[in-house]
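Visitor: What would the 3D arrangement of this be:
(2 chains)
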Protein chains: 2
Amino acid sequence: MANQFIYNSFQLSYAILGTGALGGYYGACLQKAGLDVHFLLHSDYEYVSKHGLVVESKYGDFTLPQVQAYQEASKMPACDVVIVALKTTQNHLVPQMLPHVVKDNGVVLVLQNGLGVEDEVAKIVGAERVMGGLCFLCSNKVAPGHIRHLDYGQIKIGEYTANYQAAGITNRMQQIAADFERAGIKMELAEDLLLARWQKLVWNIPYNGLSVVLDARTDELMSNPHTRKLVEELMWEVVAGAKSCDRTIPKTFVETMLHYTDKMKPYRTSMKIDYDEKRPLEVETMFGNPLRFAQKKGANLPKITMLYQQLKFLDSRNCN
Amino acid sequence: MANQFIYNSFQLSYAILGTGALGGYYGACLQKAGLDVHFLLHSDYEYVSKHGLVVESKYGDFTLPQVQAYQEASKMPACDVVIVALKTTQNHLVPQMLPHVVKDNGVVLVLQNGLGVEDEVAKIVGAERVMGGLCFLCSNKVAPGHIRHLDYGQIKIGEYTANYQAAGITNRMQQIAADFERAGIKMELAEDLLLARWQKLVWNIPYNGLSVVLDARTDELMSNPHTRKLVEELMWEVVAGAKSCDRTIPKTFVETMLHYTDKMKPYRTSMKIDYDEKRPLEVETMFGNPLRFAQKKGANLPKITMLYQQLKFLDSRNCN
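Guide: Below you'll find the predicted structure:
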């Protein structure tokens, strides 16, 4: 395939666009493993360029007293792997950052929530230089340059292609995975990025959405019979959305997600945390884009639509 | 028709079951107009039996220093017209109150929100002694025996029959209407009670439901394009529900409701007031029963179902 690079014995360089709870954590792990990592920062630039990064983690705390910190993407070197770790609500900044920071034969790995986030990046750097990734991570930034990693951390990556046709496993996926594994991060390789993204939405759409609208933790949503039913119905609408894109999510997957959430500790979703912190919500990528994907294929998802409308209302009022 | 009584020159007697914002207001107006009115009270009994009722109204304030107050329905005389003015969340009390308080040839007028409320009353007193009514009233009880009437007040009444077949206009409807008109209350006679109830739900379901779930006034719901669209979609689902029961609500009715709400002063719905006051919500009669009516006819109303589920969750958490 055209979209494969092989560096042989050379070490990959990494750029982290957005050094927050997610980018800061993965970037720090990669640097700790000996990789060449460049961090783009905004509000924390001054502090981190002086003091480096601190990671508290259930897998062991560590500090990086010195990191390669940048305030502007234009000053960063071109890297082999550029990780987009911004919240999708900041994606309007991405066109200015790329493509300068990605090597001609490099790749942009979009570690963001939702659906369709790769499309925008592909318009800037070309489809052959784009990958997507889904993170299963509980992590917060608790102070400038200070990340608290709470749980999980595995990533599932997949190649992007125009129209999200399944692209299988490529060499460069394996190379990146090897680096992450070296850094202690479990990585799964997805043959079909779009399927992986729809699968993740099976959990994200009901719990993130309802946690904000109903001011509720996962355990509260699961213990009330009405919202539990609603969670399940929303999951089935996600399955229908995937189906409209010719992706099959089996019944057992839905059952597993319900069971998994039953067993989880009471959990405040990331969207609820954003809402409580008065940050803009990732409504468009997590709800709007899946709805538009499905709509284009003629699928009607009434309950997800309603959740989207409710979230748009709450989001616009929250950030005024 | 069998379900008509004619009192000729005799004056009707009225029993008011539930002397709150609604029952207190209408009962006081009827007594002021010279009618024989008997009030059932619960927590306010002591106070009202001593001091009577006070009504502040945009149509003129008045006091009734003496009213016929009762603490128990069993001590009330049998009346010609028994007005059920309880919140539907207290309908479990109705079977004990009726039928003793209604004359053999009397009628129970159910002035409650939602759908199917007459069915339960009919089981107790017989279908031929039941009427339903819909109130368009802004009124609060601000202290024991003290009603503040804010706006509106008209009532639409209709005869109840088994399976809600349209029953036309009867003599007794006209007699009751004449009493209310004498008391300054506009009354409209509906030939088809079920149609009138579905029509009222066109407004009640979106605004009452969303005001609670989104903590919003009517003007906020109307000025955000997403919730405005959702309001309209919920209205169309109510129209579909009515259709499933062979009732046609024209497109212009929906447009009129939207236009009317646009012109309204910012309004906190009655369900939102109940929620804020930590009172149980009338979810079952306003949402559950319409859904069950439609479901029996094979109609699926996904957004109203979702609103019902969200309200059940919030209601159960609110009243604990």
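Visitor: all helices for the stretch 51-200 of chain A, in order.
Guide: For the stretch 51-200 of chain A, applying DSSP state H, counting those that start in this stretch gives helices covering A:94-97, A:117-125, A:171-182, A:193-213.
Visitor: Redo those as JSON lines? Include distance to chain B.
Guide: Yep, even glycine has a C-beta here, placed from its N, CA and C like the rest. JSON lines is the format used below for those (distance: least, Cβ to the nearest Cβ, whole Å):
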{"stretch": "helix A:94-97", "distance to chain B": "25"}
{"stretch": "helix A:117-125", "distance to chain B": "21"}
{"stretch": "helix A:171-182", "distance to chain B": "38"}
{"stretch": "helix A:193-213", "distance to chain B": "6"}
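Visitor: Can I get those helices in JSON lines including mean neighbour count and mean pLDDT?
Guide: Converted to JSON lines, the helices of the stretch 51-200 of chain A look like this (neighbours: other Cβ atoms under 10 Å in any protein chain shown; pLDDT from 0 to 100):
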{"stretch": "helix A:94-97", "mean neighbour count": "17", "mean pLDDT": "94"}
{"stretch": "helix A:117-125", "mean neighbour count": "20", "mean pLDDT": "96"}
{"stretch": "helix A:171-182", "mean neighbour count": "18", "mean pLDDT": "97"}
{"stretch": "helix A:193-213", "mean neighbour count": "24", "mean pLDDT": "98"}
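Visitor: could you dump the ones you listed to a markdown table with distance to residue B:288?
Guide: Converted to a markdown table, the helices of the stretch 51-200 of chain A look like this (distance: least, Cβ to Cβ, whole Å):
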| stretch | distance to residue B:288 |
| --- | --- |
| helix A:94-97 | 47 |
| helix A:117-125 | 40 |
| helix A:171-182 | 51 |
| helix A:193-213 | 20 |
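Visitor: can you tell me which of those helices comes nearest to residue A:287?
Guide: Of all the helices of the stretch 51-200 of chain A, it is helix A:193-213 that lies closest to residue A:287, at 6.7 Å by Cβ to Cβ.
Visitor: and the angle for the closest one with helix B:193-213?
Guide: Here the directions of helix A:193-213 and helix B:193-213 differ by 90 degrees (axes from the mean of the first three to the mean of the last three Cα atoms, to 10 degrees).
Visitor: Tell me what angle helix A:193-213 forms with helix A:117-125.
Guide: 120 degrees.
Visitor: ok, the one residue sitting closest to the centre of chain A - contacts?
Guide: With distances taken as Cα atoms, centre = their mean, the residue of chain A nearest its centroid is residue A:112 (2.6 Å). Neighbouring residues of residue A:112 by Cβ atoms under 8 Å, 6 or more residues apart in numbering or on different chains: A:84-88, A:91, A:132, A:285.
Visitor: Which strand or helix spans residue A:309?
Guide: In this assignment (DSSP states H and E), residue A:309 forms part of helix A:302-318.
Visitor: mean confidence score for that helix?
Guide: Averaged over helix A:302-318, pLDDT sits at 98.
Visitor: So is that helix next to chain B?
Guide: Yes. Judged by Cβ under 8 Å from any Cβ of the partner chain, helix A:302-318 and chain B are in contact via A:302-303, A:306-310, A:312-314, A:316-317.
Visitor: what about the closest residue to residue A:77 other than its chain neighbours, how many neighbours?
Guide: Excluding its sequence neighbours, the residue lying closest to residue A:77 (Cβ to Cβ, 6 or more residues apart in numbering or on different chains) is residue A:38, at 6.5 Å. When neighbours are counted by other Cβ atoms under 10 Å in any protein chain shown, residue A:38 registers 23.
Visitor: Pretty sure residue A:38 sits against residue A:16.
Guide: Yes. At 6.9 Å, residue A:38 and residue A:16 qualify as touching, with contact defined as Cβ atoms under 8 Å.
Visitor: mind checking how far residue A:42 is from residue A:97?
Guide: Separation of residue A:42 from residue A:97 (Cβ to Cβ, to the nearest Å): 11 Å.
Visitor: burial measure for residue A:274, as a count.
Guide: Applying other Cβ under 10 Å, we find 19 residues neighbouring residue A:274.
Visitor: so it touches residue A:283, yeah?
Guide: No. Judged on Cβ under 8 Å, residue A:274 makes no contact with residue A:283 at a distance of 10.1 Å.
Visitor: how about the strands in the stretch 151-300 of chain A?
Guide: Applying DSSP state E, counting those that start in this stretch to the stretch 151-300 of chain A gives strands spanning A:187-190.
Visitor: What residues does the stretch 201-320 of chain A have near chain B?
Guide: Within the stretch 201-320 of chain A, the positions near chain B by Cβ under 8 Å from any Cβ are A:210, A:213-214, A:216, A:220-221, A:224, A:226-227, A:229-230, A:233, A:302-303, A:306-310, A:312-314, A:316-317.
Visitor: Of those, grab the buried ones for PyMOL.
Guide: Listed next is the PyMOL selection for buried residues among those, using 16 or more other Cβ atoms under 10 Å in any protein chain shown:
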select buried, chain A and resi 210+213+214+216+220+221+224+226+227+230+233+302+303+306+307+308+309+310+312+313+314+316
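Visitor: And the pLDDT at residue A:151?
Guide: 88.
Visitor: give me every residue that touches it.
Guide: Counting by Cβ under 8 Å, 6+ apart, residue A:151 touches A:58, A:138.
Visitor: Please report how far it lies from chain B.
Guide: For residue A:151, the distance to chain B equals 27 Å [Cβ to the nearest Cβ, to the nearest Å].
Visitor: Can you name the residues bridging to that residue?
Guide: Listed by DSSP bridges, the beta-bridge partners for residue A:151 are residue A:138.
Visitor: go on, the one 4 residues further on?
Guide: On the basis of DSSP bridges, residue A:155 takes part in beta bridges with residue A:135, residue A:187.
Visitor: ok, it - how many residues close by?
Guide: Each residue near residue A:155 was counted by other Cβ under 10 Å, and the total is 22.
Visitor: residues contacting it?
Guide: When contacts are counted by Cβ under 8 Å, 6+ apart, residue A:155 is found next to A:26, A:111, A:133-137, A:180, A:185-188.
Visitor: Equivalent analysis for residue A:136, please.
Guide: By Cβ under 8 Å, 6+ apart, residue A:136 lies in contact with A:152-156.
Visitor: what's around residue A:91, how many residues?
Guide: Residues near residue A:91, counting by other Cβ under 10 Å, number 18.
Visitor: quick one, phi/psi of the residue nearest to the centre of chain A?
Guide: Residue A:112 has phi and psi values of phi -130, psi 160 when expressed as degrees, to the nearest 10.
Visitor: what about it, distance to residue A:102?
Guide: Going from residue A:112 to residue A:102 by Cβ to Cβ gives 16 Å.
Visitor: Same check on residue A:138?
Guide: Residue A:138 sits 29 Å away from residue A:102, going by Cβ to Cβ.
Visitor: ok, those two, which is more surrounded?
Guide: Neighbour count, other Cβ under 10 Å: between residue A:138 and residue A:102, residue A:102 has more, with 25 against 15.
Visitor: Just give the nearest non-adjacent residue to the more buried one, would you?
Guide: Closest residue to residue A:102 apart from its sequence neighbours, by Cβ to Cβ, 6+ apart: residue A:82 at 4.6 Å.
Visitor: So what does residue A:78 have for phi and psi?
Guide: According to degrees, to the nearest 10, residue A:78 has phi -70, psi 130.
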